[in-house]
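Peer 1: what shape does this take:
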Amino acid sequence: VIVVPAVGNSPNAAVAAHRLGLETGLVSDIGHDKFGKECLDALRQEGVHTDFVKQHEGLKTNYHYVLRYGPERTILINHETYPYSLPDFPIAPKFFYFSSVGEHGLPYHHEIAEYVKNNETKLAFQPGTFQIKVGVDALRDVYENTEIFFCNKEEAQEILKSKEQDIPTLVRMLRELGPTIPVVTDGPMGAFTVDADDQAWHMPMYPDPAPPVDRTGAGDSFSSTFTSAIILGKDPAEALSWGPINSMSVVQYVGAQAGLLSREKLQEYLANRPGDYMPRKV
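Peer 2: Numbering: from 1, shown residues only. From the prediction side, this is the model:
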């Protein structure tokens with residue numbers, strides 16, 4: 001058993017973005033218990049602001065299990081019923097990175113969409129299982145106010161209720177729902193996006209230096225690194241070249257955060273990339 005505190009889609013993203021040079025804070029809910037304290041300590045050690053993490057008396061901190069078989073895994077998840085709500089930010093954040101929450105959190109989505117709509121905050125949305133299952137109509141305002149959207153090919157087909165196989169077509173269909181920069185991944189086949197000129201781009205995987213140890217967090221590292229690159233002023237094609245490098249590094253370690261790279265290390269990999277590791281128009 002390896003215990004890894006303060007993990008989850010959004011904490012992983014906060015740690016990844018901070019290592020890439022951004023100032024990050026986590027909005028989350030935990031219990032007033034031993035595991036909650038461990039999570040806060042781990043986040044603070046990573047330089048992630050914890051001012052907006054709410055501790056609740058009488059509730060437990062989420063504790064999930066990852067069952068690993070080689071590099072593959074099954075994750076057993078149970079979300080505690082927290083009273084989700086946005087904190088009173090002293091200054092509007094530049095970006096929200098919003099991901100998996102429990103099934104009771106539907107009103108929270110509308111609160112986030114309303115905040116983004118009425119402030120200069122942009123939204124990156126990486127839906128979890130519940131958010132995909134609940135359907136587009138229930139989250140229409142979230143999709144319409146999303147700047148960057150992430151999912152894989154199968155999730156895109158489920159969201160769109162489509163059997164479309166062409167990924168650039170799926171990306172454009174997702175953009176019709178509202179997101180400005182939709183990104184669709186396809187495992188070993190790489191990732192796809194479209195730019196402001198409706199040009200589709202494809203990025204292959206960055207080659208693994210050794211067989212993967214644990215694939216947990218590979219998607220989070222890709223999505224948060226792409227988002228960080230956009231925040232740092234990169235265009236979608238260049239941001240697409242950043243994401244797979246962090247994913248390559250993360251899968252070389254157990255857990256979703258140990259392998260997350262600094263910006264200097266990521267740019268070193270980028271400078272030494274194989275000749276065929278380039279974004280291509282498709």
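
Peer 1: so what touches stretch 12-24?
Peer 2: Residues outside stretch 12-24 that contact it (CB atoms under 8 Å, 6 or more residues apart in numbering): 6, 25-26, 43, 46-49, 97, 99, 126, 217, 220-221, 223-225, 227-228, 231-232, 246, 256-257, 260-263, 266. To be clear about C-beta, it is placed using only N, CA and C from the backbone, and glycine gets the same treatment.

Peer 1: any weak-confidence spans in this structure?
Peer 2: In the prediction, the chain carries no residues with pLDDT under 70.

Peer 1: please enumerate the strands of it.
Peer 2: Secondary structure of the chain (DSSP state E): strands at 28-31, 53-56, 65-69, 72-76, 95-98, 122-125, 148-152, 181-185, 191-194, 200-203, 280-281.

Peer 1: quick one, helices of the protein?
Peer 2: 9-19, 34-45, 106-118, 129-133, 140-144, 153-160, 167-175, 218-231, 236-250, 263-271 (DSSP state H).

Peer 1: how far out from the middle of the chain is the first one?
Peer 2: In other words, helix 9-19. Distance of helix 9-19 from the chain centroid (CA atoms, centre = their mean, to the nearest Å) equals 8 Å.

Peer 1: Leu139 and Pro107, how far apart?
Peer 2: Distance, Leu139 to Pro107, by CB to CB, to the nearest Å: 11 Å.

Peer 1: scratch that, Thr180
Peer 2: 25 Å.

Peer 1: and Gly47, by the same measure?
Peer 2: From Gly47 to Pro107 the distance is 31 Å (CB to CB).

Peer 1: kindly report the same for Val254.
Peer 2: Here the criterion is CB to CB. By it, Val254 lies 36 Å from Pro107.

Peer 1: neighbour count winner among the two?
Peer 2: A direct count of neighbours by other CB atoms under 10 Å for Val254 and Pro107 places Val254 higher, at 15 against 10.

Peer 1: spit out the contact partners of the more buried one.
Peer 2: Here Val254 is in contact with Ile2, Val4, Arg68, Val213, Asp214, Thr216 (CB under 8 Å, 6+ apart).

Peer 1: just Val134 next, same as before
Peer 2: By CB under 8 Å, 6+ apart, the contact set of Val134 is Leu106.

Peer 1: and with 10 Å instead?
Peer 2: Glu103, Leu106, His109, Pro127 (CB atoms under 10 Å, 6 or more residues apart in numbering).

Peer 1: give me the number of residues near the second one?
Peer 2: The reference is to Leu106. 15.

Peer 1: quick revisit: which among the contacts of Val134 end up buried?
Peer 2: His109, Pro127 (16 or more other CB atoms under 10 Å).

Peer 1: roughly how far apart are the residue lying farthest from the centre of the chain and Val101?
Peer 2: Outermost residue of the chain with respect to the C-alpha centroid, by CA atoms, centre = their mean, is Gly58; its distance is 29.2 Å. Applying CB to CB, the value for Gly58 to Val101 is 20 Å.

Peer 1: again, but for Tyr253
Peer 2: Distance from Tyr253 to Val101, by CB to CB: 26 Å.

Peer 1: who has more neighbours, the two?
Peer 2: Between Tyr253 and Val101, counting by other CB under 10 Å, Val101 is the more crowded of the two (23 against 16).
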